[in-house]
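**Q** here is my input; please provide its structure:
(one chain, ligands or ions: 2)
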Amino acid sequence: VPDREHWGVDYLDCGGNVQSPINIDTAKTIFSPQLRPIQLSGYSLPANEKLRLRNNGHTVLLELPESLAITGGYAQQYRAVQLHLHWGSLSGPGSEHTVDGRRFAAEIHVVHYNTKYDTFKEAMVHPDGLAVLGAFLEVGPRENPYYQEILEHLHKIQEEGEEVLVSGFNIAGLLPTNLKLYFHYNGSLTTPPCYQTVKWTVFNQTMMLSHEQVCQSSDLRNDDNKPLQNNFRMVQDMHGRRVLASFQ
Ligand SMILES: NS(=O)(=O)c1c(F)c(F)c(SCCc2ccc(C(=O)O)cc2)c(F)c1NC1CCCCCCC1
Ligand SMILES: [Zn+2]
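**A** Numbers count the residues shown, from 1 in each chain. Ligands and ions are numbered 1, 2, ... in the order given. Down below sits the predicted model:
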């Protein structure tokens, strides 16, 4: 099938056996003291740097400059591509990964590509091509100022395809302060083409947002003018994979 050669990797990876998201069964994780703290560099952006925030009909995504890099915790260097969110609805939570069967209110993914490849498109078809940093979002008593930098613009991009420019801020504020405690496993993109080329990091520490903030994502609509919600994929079978933990 010509398409198959064209894509280089089996395009129908969505049915493969290295898929994401997964349920993290903490009783079966392997404590791996060799897992070093994740180190981020260039994540603090000046306000005069403008970032494109877009409603793509599936999620809200923030394009990131390649100046943001993962410089520790992975064997190779990875540079940022974009970040986006997964959330639920009034009827329930919407994280993609679950922990001991628990689904969290929402989940952020910061997508990076391995800089040994020239471009993101080239990297995303190689097994060590992508690194996604994931963190769970929970409802807490206070508004989260870092998430407000993104959420305060959602009312301007309610329709699919709309986008707005957001002023730079410290993107690291969207991730936990403790980058030492995390789960690590090999998986995939959670949307077609589902390439099995992601080295996942899911942080143990969660992010606290106000109830209003967590509900704000459902102001977004897709092309059928339907509310954009429950944009999470079902958890996938491990097929013998093990999840490593940087902590006991
Ligand atoms: N969890 S995830 O990382 O797999 C993921 C999702 F689950 C996602 F649902 C998404 S959004 C759906 C794919 C998509 C659609 C339109 C556009 C656009 O108009 O630019 C972009 C992407 C989404 F964008 C991503 N991240 C993308 C994976 C899609 C293809 C490569 C782009 C970078 C990472
Ligand atoms: Zn995602």
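
**Q** just the pLDDT at the spatially most central residue of the chain, thanks.
**A** For the chain, the residue nearest the mean C-alpha position is His109 (1.2 Å; Cα atoms, centre = their mean). At His109, the model reports a pLDDT of 99.

**Q** and the one 5 residues further on, by the same measure?
**A** We have a pLDDT of 98 for Asn114.

**Q** what parts of the protein come near ligand 1?
**A** 56, 58-59, 61, 81-82, 84, 109, 111, 132, 189-191 (Cβ under 6 Å from any ligand atom). From N, CA and C alone the C-beta is placed, and that goes for glycine too.

**Q** only the buried subset of those, as a PyMOL command please.
**A** Of these, the buried ones go into a single PyMOL selection, burial set by 16 or more other Cβ atoms under 10 Å:
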select buried, resi 56+59+61+81+82+84+109+111+132+189+190
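
**Q** okay if I get the residues of the chain next to ligand 1 as JSON lines plus secondary structure?
**A** Shown next, in JSON lines, are these (DSSP: H, G, I helix; E, B strand; the rest coil):
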{"residue": "Asn56", "secondary structure": "coil"}
{"residue": "His58", "secondary structure": "coil"}
{"residue": "Thr59", "secondary structure": "coil"}
{"residue": "Leu61", "secondary structure": "strand"}
{"residue": "Val81", "secondary structure": "strand"}
{"residue": "Gln82", "secondary structure": "strand"}
{"residue": "His84", "secondary structure": "strand"}
{"residue": "His109", "secondary structure": "strand"}
{"residue": "Val111", "secondary structure": "strand"}
{"residue": "Val132", "secondary structure": "strand"}
{"residue": "Leu189", "secondary structure": "coil"}
{"residue": "Thr190", "secondary structure": "coil"}
{"residue": "Thr191", "secondary structure": "coil"}
